[in-house]
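**Student:** Sharing a model prediction with you, sequence too.
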Amino acid sequence: MKLNKLKIGLRLGLAFGALVALMVMMTLVQAQRLEALDADSKQLLSLQQRSQSAQDWVALVRLNASRALAVAISNGNPALTAHNTPRMTETSAKITELQRQLTEEIDSDQGKALLTAIGEQRKAYVAIRNAVMSTIKAGDTAAAQALVDQQMVAAANTYVMSLEALFGYQQQRVDIGVAKLTHDVRTAKWLQAGFLGGSLLLAAGLVLVITRSVTQPLARTVEATGRIAAGDLSLPVNVEGNDEMADMQRSLVNMQESVRRLVAEVQAGSDNIGTASAQIATGNLDLSQRTEHTASNLQQAASSLEQLTGTVTQTADSARTANQLAVAARQAAARGGDVVAQVVTTMAAINSSSHKIADIIGTIDGIAFQTNILALNAAVEAARAGENGRGFAVVASEVRNLAQRSAAAAREIKSLIQNSVEKVDTGARLVHDAGTAMGEIVGGVQRVSDMIGEISAATTEQSTGLQQVNKAFSGLDQMTQQNAALVEQSTAAAESLREQALRMSATVAGFRVRAQA
């Protein structure tokens, strides 16, 4: 299994876990060994205490034997006997206590057998010693000496030899315990050394393996970053595993790809900027020339517009004067229209009077007609009357002549009146037409006056507008001159941009985005 399949944290955790497990196992083994050493130490201490007790027992037995021998040799010296007897009793009590302790502490069969034999020999020795002391107390020193020589010394020697055998046995067990403790200590040391060496080897191996699993990808990553820092983006970055280094390498691959795209775009952009800046510089130069030409044309247009403004101002003044004259003409036409209206009214009245006169003439003509008829009737009646009616016939004839002349005059007057009425009608129509024409003239003059007023207002507005246009042309002239200056600055900036684009192209050209063949 490759380590780069595991995360670095998991690797370190497994390594530290293995070391911790080894340390725990080493601690458990050391604790077990320490417990064994503690048990061996306690056992050795107990054996040493037993050996010391056996040795003390031997010394006390020898001390009491010496005291008994001293009493026996002194032939029962009362002072010596009185001095040694309580001490012998006290020492015997100590021996009894030592015997009890050893009996409780010794657990081996051989030790128990030795203790049993020692107990029997002690009883025999104590019995003989008591017999000797009783014999001395009885005053039979010779018998006491004989018991000492024949039995007590031998019993004491046997007793002491048994104690020495017990002491030797206990000392042997102490030696065995010391050897076992030494062996266990040595074994613990070797185990500790083995565990320590194994831990060191395991730690060194884990450190080496984990370090190589980290440093090798890190070295490749550093090498790749060095190439990228040097501008070489052509070589790919090899990514292996799923650990943090692989994640970093994948991030480095993404960064390299992003930088490669960026550098490629910057290279293309720098080339485009160089071409565009050259075109901009050329276009700005042409624009500067055209702007200067436009500025000169604007100056000419401004001067022409200023002259036109003066002309329009004069036209506006003339239009105002014409407007005043048109107003006066309109007022005069209005007055003429009023007069014509009065004439039309008068002609209408005349026409009405003519019609009335015609009616009167008609009445006179009727009267003449009736008179003529009456005259005819009177003539007929005079003719019927004969001579009597002759004078009446003359009167009737005169009346008839008069009626005929009246009728003829009425007819002439009627014809004259009719002609007059016709002429009056014609005059009335002409006056009406003249009134209508005068109204039209007044309306036309009004419209002309309005149009002249509008022309005057428009001319005034045109004059104001031309003045504003003149100001605008002046501002446009200034702006055009400023634009010309800005175009010159833009040309210089475009030239500077082209130089910077060339420098940027030279800088970006240091990057290699594709592998060289």
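**Tutor:** Great, that's in hand.

**Student:** Below-threshold pLDDT in the stretch 51-200 of the chain: ranges please.
**Tutor:** Residue ranges of the stretch 51-200 of the chain with pLDDT under 70: 76.

**Student:** can you give me the strands for it?
**Tutor:** For the stretch 51-200 of the chain, strands defined by DSSP state E, counting those that start in this stretch do not occur.

**Student:** Distance from the chain centre to the longest helix along the chain, please.
**Tutor:** Longest helix in the chain by number of residues, with DSSP state H as the criterion: helix 244-385. Computed by C-alpha atoms, centre = their mean, to the nearest Å, the separation of helix 244-385 from the middle of its chain amounts to 62 Å.

**Student:** Please apply the same query to stretch 242-261.
**Tutor:** That offset, for stretch 242-261, works out to 23 Å (C-alpha atoms, centre = their mean).

**Student:** Now tell me what touches it from outside.
**Tutor:** Contacts to stretch 242-261, defined as C-beta atoms under 8 Å, 6 or more residues apart in numbering, come from residues 3-9, 11, 213-214, 217-218, 220-221, 224-225, 228, 233, 236-240, 513. Yep, even glycine has a C-beta here, placed from its N, CA and C like the rest.

**Student:** Just after the longest helix of the chain, pick out the following helix or strand.
**Tutor:** helix 390-508 (DSSP states H and E).

**Student:** Lys112 contacts Ile106, correct?
**Tutor:** Yes - taking C-beta atoms under 8 Å as the definition, Lys112 is a contact partner of Ile106 at 6.0 Å.

**Student:** and these two? which has more neighbours close in?
**Tutor:** Comparing Lys112 with Ile106 by other C-beta atoms under 10 Å, the one with more neighbours is Ile106, at 23 against 13.

**Student:** The residue of the chain most remote from its centre and Thr215, how far apart?
**Tutor:** Distance from the centre of the chain peaks at Glu387, with 153.8 Å (C-alpha atoms, centre = their mean). Applying C-beta to C-beta, to the nearest Å, the value for Glu387 to Thr215 is 189 Å.

**Student:** Then Gln110?
**Tutor:** In terms of C-beta to C-beta, Gln110 sits 66 Å off from Thr215.

**Student:** swap in Ile367?
**Tutor:** For Ile367 relative to Thr215 (C-beta to C-beta), the value is 159 Å.

**Student:** swap in Phe195?
**Tutor:** Counting by C-beta to C-beta, the gap from Phe195 to Thr215 is 29 Å.

**Student:** just Arg447 next, same as before
**Tutor:** 106 Å.

**Student:** got it, and Ala501?
**Tutor:** From Ala501 to Thr215 the distance is 43 Å (C-beta to C-beta).

**Student:** Neighbour count for these two, which is higher?
**Tutor:** Higher neighbour count among Ala501 and Thr215: Ala501, with 20 against 12, using other C-beta under 10 Å.

**Student:** Is the more buried one in contact with Gln267, as I believe?
**Tutor:** No - counting by C-beta under 8 Å, Ala501 sits too far from Gln267 to count as a contact (11.0 Å).

**Student:** Please report the distance of Leu206 from Leu12.
**Tutor:** Leu206 is 9 Å from Leu12, by C-beta to C-beta.

**Student:** actually Arg405, not the one I typed
**Tutor:** Taking C-beta to C-beta, one finds Arg405 at 165 Å from Leu12.
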